[in-house]
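Enquirer: I'd like to go over a predicted model; first the sequence, then the structure.
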Amino acid sequence: MGLAVIQMSEQSQTKAEMPPPDAIADLALVAAARRDPRAFGALYDRYVTRIYRYSYARLRNAPAAEDATSQTFLKALQALPQFRDGVFIAWLYRIAHNVCADMVRRGGPATTALDAMDFDLETGDSTQDAAIRSTERAAFYQALDELPDEQRTVLEMTASGFNGNEIARLMGKTHASVKMLRWRGMEAIKARIARQGLLSEVGE
């Protein structure tokens, strides 16, 4: 799986628009955590789900994603004195990206069709229906891995719960550029899955 290159610098942050209210609220939480590390729990609670989803989208393995999430927040807590009052979620995301990239470089979990075969029979679906959905999901992930880095990153971050404006800010792009990358990525995935005869419903 190729590693996405995230183009963002401290200088580009200073030239950006005023941070949104959530980013301003984060700065107050960061200040509290600097005074008392126990206050870091509020930032953990606020972003743990997003970071886990992003880690899972990159690693496709639940234990590895849990480990990456733990490492991300531990590194963030340790490095908090070096945080320069930018956008906290952008800083946290870069840590998560580097943690996942390092796990992949060290020979982390390989993504195969079987990794997505996590049958969930509690929904009342038959084993056959669950297998079909899992096969489609595996095909989706395989197609995702073949996308250009920027398209894949946009789709992974969308799946992780980041909205278009946040993705644009994190990648140093316009909202319109992010929408185009997302559309092109989804069209490429749908075309690949359709060629395999597996396309039923791929979310827009």
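Expert: Arrived safely, thanks for sending.
Enquirer: please look at residue 175 and residue 163 and confirm they touch.
Expert: No - taking contacts as CB atoms under 8 Å, residue 175 lies outside contact range of residue 163: 9.5 Å. For the C-beta atoms, the positions are set from N, CA and C on the backbone; glycine is no exception.
Enquirer: just the element for residue 31, please.
Expert: Using DSSP states H and E, residue 31 sits in helix 21-35.
Enquirer: hey, C-alpha coordinates of that helix in PDB?
Expert: The C-alpha trace of helix 21-35 is given here as PDB (Å, rounded to 0.1, in the frame of the first residue of the first chain):
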ATOM      1  CA  PRO A  21     -14.600  27.100  16.500                       C
ATOM      2  CA  ASP A  22     -13.700  23.500  17.200                       C
ATOM      3  CA  ALA A  23     -10.000  24.300  16.600                       C
ATOM      4  CA  ILE A  24     -10.200  27.300  19.000                       C
ATOM      5  CA  ALA A  25     -11.900  25.100  21.600                       C
ATOM      6  CA  ASP A  26      -9.100  22.500  21.100                       C
ATOM      7  CA  LEU A  27      -6.500  25.100  22.000                       C
ATOM      8  CA  ALA A  28      -8.200  25.600  25.400                       C
ATOM      9  CA  LEU A  29      -8.100  21.900  26.000                       C
ATOM     10  CA  VAL A  30      -4.400  21.700  24.900                       C
ATOM     11  CA  ALA A  31      -3.600  24.500  27.400                       C
ATOM     12  CA  ALA A  32      -5.300  22.600  30.200                       C
ATOM     13  CA  ALA A  33      -3.500  19.400  29.300                       C
ATOM     14  CA  ARG A  34      -0.200  21.200  29.400                       C
ATOM     15  CA  ARG A  35      -0.900  22.300  32.900                       C
END
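Enquirer: and residue 73, what does it touch?
Expert: Residue 73 makes contact with 40, 44, 48, 51, according to CB atoms under 8 Å, 6 or more residues apart in numbering.
Enquirer: surely the third one meets residue 69?
Expert: Yes - contact status for residue 48 versus residue 69: in contact at 6.5 Å, counting by CB under 8 Å.
Enquirer: so those two - more neighbours on which side?
Expert: Shown here are residue 48 and residue 69; by other CB atoms under 10 Å, residue 69 has more neighbours (24 against 15).
Enquirer: tell me the pLDDT at the residue nearest to the more buried one when sequence neighbours are not counted?
Expert: Spatially, and ignoring its direct neighbours in sequence, residue 69 is nearest to residue 52 (4.6 Å; CB to CB, 6 or more residues apart in numbering). In this model, residue 52 is scored at 93, pLDDT.
Enquirer: neighbours of residue 32, how many?
Expert: 15.
Enquirer: which residues touch it?
Expert: Neighbour list for residue 32: 39, 42 [criterion: CB under 8 Å, 6+ apart].
Enquirer: any idea how far residue 74 is from it?
Expert: 18 Å (CB to CB, to the nearest Å).
Enquirer: now do the contacts for the residue nearest to the spatial centre of the chain.
Expert: Nearest to the mean C-alpha position of the chain, by CA atoms, centre = their mean, lies residue 54 at 2.5 Å. Residues near residue 54 by CB under 8 Å, 6+ apart: 93, 96-97, 100, 156-157, 160, 162.
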